[in-house]
Structures are given as structure tokens and as C-alpha cells.
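> sequence below, structure please.
(chains A and B)
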Amino acid sequence: MPLDDRGRSRDDDAFDELFVREWPRVVRIAQQITHSLPRSEEVAQDVFLAFHRRFPDELPERPGAWLHRSCARAALNDVRSERRRRSREEREARLGTVPAPDPGEVAAAREEVRAVREALGRLKAGQAELLALRYGGLSYNEIAQATGVPVGQIGTRLHRAEMSLRREMQHAARN
Amino acid sequence: MRHATDGTLRRMIDEEWAVPEDLRRHVADCGLCRGRLAELRSLADETQGLLAGAGAPQDARAALGRQRVLQDSGREAQAGVWRLPRPGRLRWGGALAGFFALLLLVTATPVGGYARNLLLIFQPKQFTAVPLAPGQAKTLIGPEALGALRQSGGRSLQAAQDLASLEAQVGFRMTLPAAPAGVGAPSYAVLAQGAQSLTFSQATLAAYARSHDLNLPAMPASISGSTLTVTTGPVAVVSYGAPAAQIVQEGSAPPNLALAEAPVPKVYSTGATVADIETYVLGLPGVSPQLAGEIEAIQNPTETLPILVPTGQATSQSVEVGGAQGLWVQESSGKLGGVVWTSGGHVFTVVGTLGETEILRLAAELK
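Below is the predicted model:
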């Protein structure tokens, strides 16, 4: 591997460029599911570390696709982890919500964050991932690359995922 | 022409350009398709409202700095580690300031900032006091003798304009207690998230031993080459009576009241286990058998953070803060005292000159 005068390879530079370009989007994908910026950054950092371990020598053909899908999965695994969720529940519920002076409003906002996160956790993995990718800002072509689903099917699957989330939220509200 | 499918209509909402022109015209002219499009749009809006959306802007360069440190050290095996500040080296405004720095360092200790620290191993969930005999601090070997130190981010406190700015920068909300009258106006500061690592090196140890004319035992092969990495912060600091960004600067006056909150640090290790490192570090020359015994006697060494309390300079006792176990430390003159505890994955510190009862009352309201 050719090294420059700082002892860094061209692939180190390529990785750094990739990191700076993709970091905001990877964090945003995780945020759709975790609803917590610090937790999303932690998930994103883990994903980039896994990426670096998996591709130590050169970047794959579509590095973004790998990062996006892995991040959606990692975030979903995170909210499905009962142990972690219990330990952070109180704190995370306070994150990502607009401050409200009324304690009742604060409590309601926390409750909604928790309800959405749990509903996402109950969806089929592919559906929750699809929602995170789309609402995290990916285009249909990018989603197709990340998931391997033909681009012509993304709209249909996205609509089904949205319907499933609505049903899960309605089910949670009834109980 | 056939009606548009749900999939096509859904894509029209996000990427209308991707739908063929003739199909778009059909939807525009077809009441059935327009109605269905409105339904799908309503559902998409509803979903958008439930999910987190765009979120705060990201500092990718800062994240890359942390990434490099973590990449270099790896993070396959996890272990806890903490470096205990050597009280004799904390000159910040004398004993009072040094004491506050001791507590603040629980939440944020740059590896390179305090050269002579004792390395210990744990994942901090609670705190316990370990008495440090007079003179003991001078004989401890610091991490710089054991290997290479690296640090990224989190080097100094930066002033924040107000509480909203502070919360935006640290990414969590602080529920602050109402400050008592007379403590002064609040000021705010942030210590950015940072990562520090120590890569153990027999070669570094041997060079240190030669230059200091010490006879040090060889580092075990299981430890040399291992890297410990700790990620800390972001730390939020609120200070009354002294500028928050300056409270750990040498020579600055201690605050009347100061509060700090940060996520519990995360610590990673490659190679060496907690037991390996603890045994090795506690066996180094300069660590008295008494001190080693006190630390080894901690019942949950992977969860308990020992805080060295210098005998004669401070006293300590276990206290309860909002249902959590905390450690109260009182500077021996009685002027300055503080409490440290963890809750919900965060570590909290409240210190000041208001006395134990008042500080513990305020601490219980800090969330």
C-alpha cells in the first residue's frame, strides 16, 4: 500500500472522505429509530468501526450502501435490546423532544417517543429498516442499493411499512 | 390507461420526476388516483411526524477524530479503566480547587493533561473512597511510563452562551435545581466528547526505568501491546460564582456551586483483561500493599470507581442521591464539599461551599 509522508495510505484518505461525507446521514438513519442523538452517534460509530474491520484494505464498490443498511439494522437491534432500553429509557425519552414547560406535555412527549420506538421494534426488520433509510434521507435508488430490493418495489414496500407502523401505534394506543 | 399502483403513487410523493410522464398525467386527471395519492400522502406525513426527522447538524470532523483513536486501538474486548488523579499534582487554586478538580475529573480526565495518574480498571457505576496515605501520591508511576498516550477531542472547557446552547452542544437535557439566593449568576461550559488511549509498551517502560534509575519488573507479554481506550463526555458544566469555562484552570477561584453531567465513560481494551491489568498496575513499585489491598477489596471491581481521597486533606462517606448511591467528599477545612453519583447511564457531580445538607438537596433535584 503506497504511503504518503504522514505514513497514511491513499485508502486511509478515502476512508476519511467517506466518513465525513456519510457520517451525518448514517447518524440520521439511526436517529429515526432510536430518537436519541447521542445513542445514534454511538450506533454510527460502531457501524463505521465494523466497516473498517470488514474492509481494512480498500473500500467496497458501494460503501454507502453497506453503511446505510448496517446502521439501520444496528439501530433496530439497539431498540430491541431490552436490557439497554431499560437502563436508558428515562434519559432517552427526554432527548430529541422540544422543551415544554408543562410537565404533562413533557410526560406525553416521552411517552410518544417510547411508543414509537417500541412500535418500530415490533415491525418486521425489513420494514423498520426501510422507514429508517427513507426518513433518514436516502433516495429510492440509494435504498435499493442498500437493501438489494429492486427500485420499482421500494414505493410499495415503503407504503406497507408505513401502514404497519400506523397499525402498531394504534394497537399500542388501545392497550 | 390503468390506475397507478400504490407503489407508484408513493414514489410520486417523494420523487415525482421518477414516474413516467403519461402516468403522472393520468393521476392528475383521475379522481380515484388523486384520492388515493392524498391518502398515501397523509400517511407519509403521519409517519414523518412519528420519526425523528433531520435532527441536529453533525460535526463529522470531530467524529472522525474519535473514530481514528478507536480504530487504532480496536474495541473487540471491553474492560473498564479509570485514571485516578494524583492529588499532589492538582495545583488548581490550592486544596479547595484541587478537590473540585478531583470530582470533575471523574467525568472528564484527559490522558495527557495530568501526567502522573494511577491506572485502575473498572466500569464505573458507583464510587467508593480509597484512602491515600501522605507521600503515597509522590511514588506512583504515571501512565506515561507505561506506553504511548493518544488523545482526540475533549481538551478544554468551552463557554456556552446559555442553557439551551449547552444542551444543544451536549445532546442531552439537564433538569437543574433552583439555585439558592446569593450563589451568583449561572455560567455554562462544555467539554467536547473525547477519546483517549494508552498502548502499553515494554520498551517505553524500560526506557522510563533507565531514565529514572528505577528497577522495574518487566511488563507481562499479555499486557505489552494492548491498548486501553476511554471515550468521555460530552460534559456539561453549570457554575455559579465563577466562570464555568475557567473552573479547572490553575489559579482560578472555586465556584460557590457547580454542577456537571456527562454520559458514563466507555472503556475498551484490546488483549489484556481487567484482571491482567489490575494485577500488573497494583504490583508496580510505588503502590503500597495497603493501597493495593484497599483497591483489591472492592467487591465489584468492574463497576466501582475508586476515588483516592488523600488522608488529612479530605474525608468521605457514602450517601444517597435520589435513590442512587453516591460518594460525598469533604475538603478537610470544611469549606468545600461535593458529591458524585451515577444515574441512568450518566455521571453527575455537584460541588460547592454550601454545606453537605444543601448540596445533597440540590443534587437530588439534578436530573
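> residues touching the residue nearest to residue B:61 when sequence neighbours are not counted, list them.
If the residues on either side of it in the chain are set aside, residue B:61 comes closest to residue A:20, at 6.5 Å by C-beta to C-beta, 6 or more residues apart in numbering or on different chains. In this view, the C-beta of every residue, glycine as well, is placed from N, C-alpha and C. By C-beta atoms under 8 Å, 6 or more residues apart in numbering or on different chains, the contact set of residue A:20 is B:60, B:61, B:64.
> what is the burial count for the first one?
Residue crowding around residue B:60 was assessed by other C-beta atoms under 10 Å in any protein chain shown; the count is 19.
> measure residue A:121 to chain B for me?
To chain B, residue A:121 is 13 Å away according to C-beta to the nearest C-beta, to the nearest Å.
> which one of the contacts of residue A:20 sits closest to chain A?
Of all those, chain A sits closest to residue B:60, with 3.9 Å by C-beta to the nearest C-beta.
> can you name the residue of chain B nearest chain A?
For chain B, C-beta to the nearest C-beta, closest residue to chain A: residue B:7, 3.3 Å.
> now that residue: phi and psi?
Per-residue torsions, residue B:7: phi -60, psi -40 (degrees, to the nearest 10).
> hang on, it packs against residue A:152?
Yes: taking contacts as C-beta atoms under 8 Å, residue B:7 lies within contact range of residue A:152: 7.3 Å.
> between these two, which is the more surrounded one?
Between residue B:7 and residue A:152, counted using other C-beta under 10 Å, residue B:7 has the larger neighbour count: 18 against 14.
> follow-up on the earlier one: would the residue nearest to residue B:61 count as being in a helix?
Yes: assignment of residue A:20 by DSSP: H, G, I helix; E, B strand; the rest coil places it within a helix.
> look at it and report its pLDDT.
Looking at residue A:20, its pLDDT is 90.
> swap in residue A:110?
Per-residue confidence (pLDDT) for residue A:110: 67.
> ok, the residue of chain B closest to chain A - contacts?
Applying C-beta under 8 Å, 6+ apart to residue B:7 gives the contacts A:152, A:153, A:154, A:155, A:156, A:157, A:159.
> from these, list the buried ones, please.
The neighbour-count test (16 or more other C-beta atoms under 10 Å in any protein chain shown) marks A:154, A:155, A:156, A:157, A:159 as buried among the contacts of residue B:7.
> please save the CA atoms from stretch B:339-348 in CSV.
In CSV, the C-alpha atoms belonging to stretch B:339-348 read as follows (Å, rounded to 0.1, in the frame of the first residue of the first chain):
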residue,chain,number,x,y,z
VAL,B,339,-21.0,14.6,45.7
VAL,B,340,-20.6,12.3,42.7
TRP,B,341,-23.1,9.6,41.6
THR,B,342,-24.4,7.9,38.5
SER,B,343,-27.9,7.5,37.3
GLY,B,344,-29.5,6.5,34.0
GLY,B,345,-26.1,6.0,32.3
HIS,B,346,-24.9,9.4,33.3
VAL,B,347,-22.4,10.6,35.9
PHE,B,348,-23.3,13.7,38.0
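> re earlier: near chain B, from the contacts of residue B:7?
When contact is defined as C-beta under 8 Å from any C-beta of the partner chain, these meet chain B at A:152, A:153, A:154, A:155, A:156, A:157, A:159.
> would you indicate which residues of the host helix or strand of residue B:11 are buried?
Element membership for residue B:11 (DSSP states H and E) is helix B:6-14. The neighbour-count check on helix B:6-14 (16+ other C-beta under 10 Å) flags B:6, B:7, B:8, B:9, B:10, B:11, B:12, B:13 as buried.
> residue B:184 - how many residues pack around it?
13.
> try residue B:174
Neighbour number of residue B:174 under other C-beta under 10 Å is 19.
> one more: residue A:132?
28.
> and the residue minimising distance to the centre of chain A, what does it touch?
Centroid-nearest residue in chain A, with C-alpha atoms, centre = their mean: residue A:30, separated by 2.1 Å. Residues in contact with residue A:30 (C-beta under 8 Å, 6+ apart) are A:39, A:40, A:41, A:43, A:44, A:71, A:72, A:74, A:75, A:78, A:132, A:136.
> let's see 6 Å
Shown in contact with residue A:30 (C-beta atoms under 6 Å, 6 or more residues apart in numbering or on different chains): A:40, A:43, A:44, A:71, A:75.
> now do residue B:237
B:189, B:244, B:260 are the contacts of residue B:237 under C-beta under 6 Å, 6+ apart.
> confidence-wise, which of these comes last?
residue B:244 (80).
> wait, what's in contact with it?
Contacts of residue B:244 by C-beta under 6 Å, 6+ apart are B:187, B:188, B:189, B:237.
> ranges for the helices of chain A?
Secondary structure of chain A, counting by DSSP state H: helices at A:10-34, A:37-54, A:63-80, A:82-92, A:103-122, A:125-135, A:140-147, A:151-174.
> and the stretch 201-350 of chain B, which residues reach chain A?
Residues of the stretch 201-350 of chain B lying close to chain A (C-beta under 6 Å from any C-beta of the partner chain) are B:344, B:345.
> okay, now the unreliable bits of the stretch 201-350 of chain B?
Scanning the stretch 201-350 of chain B for pLDDT under 70 picks out B:248-253, B:265-275, B:277-278, B:285-314.
> could you give the bridge partners of residue B:240?
residue B:186, residue B:257 (DSSP bridges).
> if you could redo that for residue B:263, that was the one I meant.
residue B:346.
> biggest helix in chain B by residues?
helix B:31-50.
> what's around residue A:60, how many residues?
12.
> oh sorry, the question was meant for residue B:216
Other residues close to residue B:216 by other C-beta under 10 Å number 17.
> ranges for the strands of the stretch 251-367 of chain B?
Secondary structure of the stretch 251-367 of chain B (DSSP state E, counting those that start in this stretch): strands at B:257-263, B:266-270, B:304-310, B:314-321, B:324-331, B:337-343, B:346-352.
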